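K.L.:
What follows is a predicted protein model with its sequence.
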Amino acid sequence: MIAPYHLSHEVLERSFAHFRECGRGRRECQVLWIGPWQSPDVIAKVVHPKHEARIGGFMLDDRWINAFWIELGNTDMGIRVQVHTHPGEAFHSPIDDEFPIIHKPGFLSLVIPNFGLGQVGFAEAYLAEIQPNGSWQEVSISSRLALT
Amino acid sequence: MSDKDDPRACCETPLERAEADLAAAKAELTDAEREVGKAESEIKEAIQEEEHCHEFSVEVLYDGVKKKFEVRPEETVKTLLDKAINAFGPLPNPHMLSLYKDGEELGDQLTIKAAGIKPCEMLLLRPSKVKGGA
């Protein structure tokens, strides 16, 4: 059995705040949940990447990724979950499948419906996980994420 | 030594003398070939030694974790990329990952030397694009 990541309500609330402030109900938005490698099951921080976005998609800034990669190395942190919004229903699209920030079995991608304008939480959200063969599979949120 | 002093001159026919000269020349040729072979293997060893001396280490960073790799100048970036992908995983969908140096994506077919990779340098292993969409 896989141990769930532990994240605080604060991380979740900040994530929704980014979705609302950045996406404004008109564009998709992404945040990254990161944590220290010393405590691999802990999500300690939410990061809001520099990105371009439109109603049905987003793309991270290339230079930002380089700088962020180095920052992760300097702080001994790793990306645990990528979280992004969809305009309507939450699901994992072919673009979501193909272009994640981390390609590693067990990496998680959480999709929040309605641009994140709904109640802060996991209602109607969709969680997918990379399998050893590189495909994505839906997993139950409660089995992978524990709010503390 | 003049023909007059050469003991063979009085008793060898010209054909016998020529055959003796040929045998001597063949022996010299065998010696020379042996020397050439020896020199060639010395050159080969020297090249291998030089290549070994030029091996150096670099670091690759993926998802906040650094790993060290030994590289040689004439190796391709693809060789290092494959080693890194295996060491960090193996990671699925390796075609989505590249090595970056000074913010620039490195072409797979470049050699380590042509890519300008220096000893102790840190390279980033990351996806070329990160995006999503409904």
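P.N.:
Looks like it arrived, so ask away. The structure presented is a predicted model; accordingly, all values stated were derived computationally and were not measured.
K.L.:
any idea how far B:Asp63 is from the residue nearest to B:Glu75 when sequence neighbours are not counted?
P.N.:
Ranked by C-beta to C-beta, 6 or more residues apart in numbering or on different chains and with sequence neighbours excluded, the top spatial neighbour of B:Glu75 is B:Ile112, at 5.2 Å. To be clear about C-beta, it is placed using only N, CA and C from the backbone, and glycine gets the same treatment. Separation of B:Ile112 from B:Asp63 (C-beta to C-beta, to the nearest Å): 23 Å.
K.L.:
which stretches of chain B form strands?
P.N.:
B:56-62, B:65-71, B:97-101, B:104-105, B:122-127, B:131-132 (DSSP state E).
K.L.:
For A:Ile141, which of these is the nearest?
P.N.:
strand B:131-132 (18.1 Å; C-beta to C-beta).
K.L.:
Does the longest helix seen in chain A reach chain B?
P.N.:
Secondary structure of chain A per DSSP state H: the longest helix is helix A:62-75. Yes. Helix A:62-75 is in contact with chain B by C-beta under 8 Å from any C-beta of the partner chain, via A:Asp62, A:Arg63, A:Ile65, A:Asn66, A:Trp69, A:Ile70, A:Leu72, A:Gly73, A:Thr75.
K.L.:
from the residues you listed, which is closest to B:Leu125?
P.N.:
Nearest to B:Leu125, judged by C-beta to C-beta, of the residues of helix A:62-75 next to chain B is A:Trp69 at 8.5 Å.
K.L.:
Any idea how many residues pack against the closest one?
P.N.:
Look at A:Trp69: counted by other C-beta atoms under 10 Å in any protein chain shown, it has 21 neighbours.
K.L.:
which residues touch it?
P.N.:
Residues in contact with A:Trp69 (C-beta atoms under 8 Å, 6 or more residues apart in numbering or on different chains) are B:Leu61, B:Tyr100, B:Leu124, B:Arg126.
K.L.:
mind checking pLDDT for A:Ile2?
P.N.:
What the model reports as pLDDT for A:Ile2 is 79.
K.L.:
What's the local residue count around the closest residue to A:Gln30 other than its chain neighbours?
P.N.:
Closest residue to A:Gln30 apart from its sequence neighbours, by C-beta to C-beta, 6+ apart: A:His84 at 4.0 Å. Neighbours of A:His84 under the rule other C-beta under 10 Å: 27.
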